[in-house]
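**Student:** give me a 3D structure for the following:
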Amino acid sequence: MPYQVFISPEAELDLDDIYNWYEAQNTGLGSEFIRVVDASLSTIQRNPLAYTKIDQEVRKKLIRKFPYILFYVVIDKMIIIIACFHVKRDPQQWKRRL
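**Tutor:** Numbers count the residues shown, from 1 in each chain. Model prediction:
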């Protein structure tokens, strides 16, 4: 049985904000960001334990081409995306989402 991916409401807001910011910079760039995020989610789904564990059960995956990181946890056969933060943002902020 393959892993299921669930994006938390907070992470959805992160992705929406990032999408809107990139679209405001250059039409189509937000869509490119979402396309790259989708590819990252597929990669995580295929092998969720391959990425760096940063705190207890939280793992991170850098997003290709964009300066963002996806933070997630794996529980049984579910991958829960808890945040998408800029690499220069305080990395401890995701802890408030656990």
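**Student:** now I63: closest residue in space, sequence neighbours ignored.
**Tutor:** In this structure, I63 finds its nearest non-sequential neighbour in S40, 5.3 Å apart by C-beta to C-beta, 6 or more residues apart in numbering. Placement of C-beta: from N, CA and C, glycine included.
**Student:** quick check, pLDDT for that neighbour.
**Tutor:** Looking at S40, its pLDDT stands at 97.
**Student:** check contacts around it.
**Tutor:** Listed by C-beta atoms under 8 Å, 6 or more residues apart in numbering, the contact set of S40 reads 61, 63-64, 70.
**Student:** make a PyMOL selection of the buried ones in these.
**Tutor:** In PyMOL, a selection of the buried entries from the contacts of S40 looks like this (16 or more other C-beta atoms under 10 Å):
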select buried, resi 61+63+70
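**Student:** tell me the one of the contacts of S40 nearest G30?
**Tutor:** Closest approach between these and G30, by C-beta to C-beta: I63, at 13.4 Å.
**Student:** residue nearest the middle of the chain, spatially speaking?
**Tutor:** Centroid check for the chain by C-alpha atoms, centre = their mean gives L70 as the closest residue, at 2.6 Å.
**Student:** which ones are touching L29?
**Tutor:** 22-23.
**Student:** could you rerun that using 6 Å?
**Tutor:** Shown in contact with L29 (C-beta atoms under 6 Å, 6 or more residues apart in numbering): Y22.
**Student:** so where do the strands sit in the chain?
**Tutor:** With DSSP state E, the ranges of strands along the chain come out as 4-7, 53-55, 58-62, 68-75, 78-86.
**Student:** among those strands, which is nearest R97?
**Tutor:** Nearest to R97 among the strands of the chain is strand 78-86; the distance by C-beta to C-beta comes to 4.8 Å.
**Student:** quick one, the closest one and strand 68-75 angle?
**Tutor:** Per axes from the mean of the first three to the mean of the last three C-alpha atoms, to 10 degrees, the angle that strand 78-86 makes with strand 68-75 is 160 degrees.
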